[in-house]
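J.: Kindly generate the corresponding structure for this input.
(chains A and B)
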There are 2 protein chains.
Amino acid sequence: MTAGTTRAPNAAPPRRLERPGRPGPGRPGRPGYDLDSLLAVAVEVFNERGYDGTSMEDLARRLGITKSAIYHHVSGKEELLRLATSRALDGWSAVADRARALDAPAIERLEYLVRGSVAVLQAELPYVTLLLRVRGNTEAERAALNRRREFDRLVADLVIQAERDGDIRADVDPAITARLLFGLVNSLVEWYRPAGRSAGPALADAVCTIAFDGLRVTGNQAAR
Amino acid sequence: MTAGTTRAPNAAPPRRLERPGRPGPGRPGRPGYDLDSLLAVAVEVFNERGYDGTSMEDLARRLGITKSAIYHHVSGKEELLRLATSRALDGWSAVADRARALDAPAIERLEYLVRGSVAVLQAELPYVTLLLRVRGNTEAERAALNRRREFDRLVADLVIQAERDGDIRADVDPAITARLLFGLVNSLVEWYRPAGRSAGPALADAVCTIAFDGLRVTGNQAAR
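T.: A predicted model of the protein is given here:
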């Protein structure tokens, strides 16, 4: 699977890296990288060391190739960040577009957005993790934060609409509700791991149950 | 206020840094640092650049003092991390001790823990932010993660107990419930700023309302 064709429509098509003529000493079997697999390793290193704390030297060392071999694929660290965050943001945009298009009350569109975001997080965990840690120190980071804010605005609008519809409690400021709801979703990156027992839609169910219906057993539930 | 006396019982008493004999060229008015104010600046830089991405040179530059002036206070970067994370962890430990000592059902002790954690986060925002970003690459980071796990175990135990008491819904795995509940609390570091309109206990109220009672307006609420 490649970022260029199936996951990140904005990414350039992958170019396979043929190690240039001379095979590396003592590494005869090391495979080349296409853009997708190179990006996957870069994101892993960014998430371990922080984006600011990672140099092109660090990336070259982990990849086992030279810096100039990396430059064959991308113009530098910022392009890697742009490609990686786009992968997460493209997932969110697709979910947002579908939520906007739904012919349903705001609270249902909001629940759709929560479920879709959990699914994107599960499918693209390292990319979403990186996106959520972006601090805005560089142009590529600020561009990612701007796209993220568009998504946050949709969430906030749906919360306000659902509150007007009488479907969401009015005793919490809708701006805070929106932040808490997606704070809950995004906190999954801190502990969710794909092999875990909470895989698949069960995790989205748990998030929606707690966020929309709460932890507490009410009189009605207890009587069931 | 100093970390040593009022906030972090484990921290060494602050030592005021007297610039040693020769005043720095062109900086006659620059104040010295005690351990507390030095720590505050270091944590700010760690949060901006990531702990791994921050060098002692970076800290010295931001502080406007030499590296050896920093070494007058601490043995190095790791000690700064240890002091900073202890400040957050000591706050959590105090809340955990009080929650354990409460003569009340598990669900009330859990709510106490949530409120207390929100209060610690509000009072010690930069320190809690740093703690939550610790990745475990060094000994000081691993020690902080171990103390953090003790707190997480208390949360998980209280969730299990509250579920046994019939006070918390049994249709979500208690381990997931515990993680989601504190994922929600900890997500506040991403957007809460002390000057904001959601200051004080109102924020803890919002967190508890959403976590325990949910966003959705139920029949009962609508009829109120």
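J.: who touches the most centrally placed residue in chain A in this structure?
T.: The residue lying closest to the centre of chain A (Cα atoms, centre = their mean) is A:V128, at 2.1 Å. By Cβ atoms under 8 Å, 6 or more residues apart in numbering or on different chains, A:V128 lies in contact with A:A88, A:G91, A:V120, A:L121, A:N186, A:V189. Where C-beta positions appear, they are placed from N, C-alpha and C, glycine not excepted.
J.: okay but A:T218 is in contact with B:R216, surely?
T.: No: look at A:T218 against B:R216 with Cβ atoms under 8 Å: they stay out of range, at 11.3 Å.
J.: can I see the domain layout of chain A?
T.: According to automatic domain parsing, chain A comprises the domains A:3-20+A:28-77, A:84-223.
J.: which parts of stretch A:92-112 are buried?
T.: With burial defined by 16 or more other Cβ atoms under 10 Å in any protein chain shown, the residues of stretch A:92-112 counted as buried are A:W92, A:S93, A:V95, A:A96, A:A99, A:A106, A:I107, A:R109, A:L110, A:E111, A:Y112.
J.: can you list the weak-confidence ranges in chain A?
T.: For chain A, the stretches with pLDDT under 70 are A:1-31, A:196-199, A:219-224.
J.: related to what we said a few turns ago, with respect to chain B, which of the buried residues of stretch A:92-112 is nearest?
T.: A:I107 (7.3 Å; Cβ to the nearest Cβ).
J.: What lies in contact with the helix or strand hosting the closest one?
T.: Using DSSP states H and E, A:I107 sits in helix A:106-123. Contact partners of helix A:106-123, identified using Cβ under 8 Å, 6+ apart, comprise A:88, A:91-92, A:94-96, A:98-100, A:102, A:104, A:128, A:154-155, A:158-159, A:161-162, A:164-165, A:167-168, A:181-182, A:185-186, A:188-189, A:192, A:194, A:199-201, A:203-204, A:207-208, A:211-212, B:216.
J.: let's see 6 Å
T.: For helix A:106-123, the surrounding residues in contact (Cβ atoms under 6 Å, 6 or more residues apart in numbering or on different chains) are A:91-92, A:95, A:99, A:102, A:128, A:158, A:161-162, A:165, A:167, A:185, A:188, A:203-204, A:207-208.
J.: continuing past it, what's the next helix or strand?
T.: With DSSP H and E, the next secondary element past helix A:106-123 is helix A:125-133.
J.: in whichever helix or strand comes after that next one, what counts as buried?
T.: Using DSSP H and E, the helix or strand that follows helix A:125-133 in sequence is helix A:139-164. For helix A:139-164, burial by neighbour count (16+ other Cβ under 10 Å) applies to A:140-141, A:143-144, A:147-148, A:151, A:154-163.
J.: before we move on, what about stretch A:68-78?
T.: Residues A:A69, A:I70, A:H73, A:V74, A:K77 are the ones in stretch A:68-78 that count as buried (16+ other Cβ under 10 Å).
J.: is it anywhere near chain B?
T.: No: on the criterion Cβ under 6 Å from any Cβ of the partner chain, stretch A:68-78 is out of touch with chain B, staying 12.3 Å away.
J.: Kindly report the residues of chain A close to chain B.
T.: Residues of chain A lying close to chain B by Cβ under 6 Å from any Cβ are A:49-50, A:52-53, A:167-169, A:172, A:176, A:179-180, A:183-184, A:187, A:191, A:198, A:206, A:209-217.
J.: List the ones among the residues you listed that fall in helices.
T.: Assigned to helices by DSSP state H, the following of the residues of chain A next to chain B qualify: A:R49, A:I176, A:R179, A:L180, A:G183, A:L184, A:A206.
J.: re earlier: and which of the contacts of A:V128 is nearest to chain B?
T.: Nearest to chain B among those, counting by Cβ to the nearest Cβ, is A:N186 at 6.4 Å.
J.: Tell me which two in the buried residues of stretch A:92-112 are the farthest apart.
T.: The two members of the buried residues of stretch A:92-112 with the most space between them (Cβ to Cβ) are A:S93 and A:I107, at 21.6 Å.
J.: Would it be right to say that A:A204 lies in a strand?
T.: No: counting by DSSP: H, G, I helix; E, B strand; the rest coil, A:A204 is not found in a strand; it is helix.
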